[in-house]
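A.B. asks: sequence plus the predicted model coming up.
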Amino acid sequence: MNHADKLLNAYRFGAIGLSALHISAFTYMIFFVDWLGWDIIEPLTFSITTFYTLLAMRFYRKFNKDRSQDTIKQRLREWVLRPHNIVELRILQSKLAQ
């Protein structure tokens, strides 16, 4: 398994974990915390849901219209290999300058 596949798996499990944490935290706050009334919880849930929507819009704009798993893997591979390409380019430029 290469580094891009590991990043994709980390992204998947991170998204699932964040969703589970979000649901369980709000469930706890709504049903088990007495001093948190709906006048506090409603704006909080609305704000966080709006933030998630903005993050999702940013994600979809970044990966354009094609959001398949293969496209995301390819973008992650490019992102992982980019620093290595820059280093190789600098080495090549220094060799050409000599």
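C.D. replies: On my side now, so go ahead. Remember, it's a predicted structure, so these values are computed and weren't measured experimentally.

A.B. asks: how close does the closest residue to Leu36 other than its chain neighbours get to Ile41?
C.D. replies: Counting by CB to CB, 6 or more residues apart in numbering, Leu36 lies nearest to Met29, which is 5.3 Å off, once chain neighbours are set aside. No exception for glycine: its C-beta is placed from N, CA and C like everyone else's. Distance of Met29 to Ile41, given as CB to CB, to the nearest Å: 6 Å.

A.B. asks: what do you get for Leu54?
C.D. replies: 20 Å.

A.B. asks: okay, the two: which has more neighbours?
C.D. replies: When Leu54 and Ile41 are compared for neighbours, Ile41 comes out ahead with 14 against 10, by other CB atoms under 10 Å.

A.B. asks: which SSE is the residue nearest in space to the middle of the chain in?
C.D. replies: Among the residues of the chain, the one closest to the centroid is Tyr11, at 6.0 Å (CA atoms, centre = their mean). Tyr11 is part of helix 3-32, with elements assigned from DSSP states H and E.

A.B. asks: repeat that for Leu36.
C.D. replies: Assigned by DSSP H and E, Leu36 belongs to neither a helix nor a strand.

A.B. asks: so it touches Ile30, yeah?
C.D. replies: Yes - counting by CB atoms under 8 Å, Leu36 touches Ile30, with 7.4 Å between them.

A.B. asks: and the angle for the helix or strand Arg61 falls within with helix 3-32?
C.D. replies: Using DSSP H and E, Arg61 sits in helix 38-62. Taking axes from the mean of the first three to the mean of the last three CA atoms, to 10 degrees, one finds that helix 38-62 is oriented at 160 degrees with respect to helix 3-32.

A.B. asks: I'd like to know which elements helix 38-62 is packed against.
C.D. replies: Helices and strands in packing contact with helix 38-62 are listed as helix 3-32; criterion 3 or more CB pairs under 8 Å, 6 or more residues apart in numbering; DSSP states H and E.

A.B. asks: quickly note the distance from Pro16 to Thr50.
C.D. replies: Let me fix one detail, which is that residue 16 is Ile and not Pro. As it turns out, when the distance is counted by CB to CB, Ile16 lies 21 Å from Thr50.
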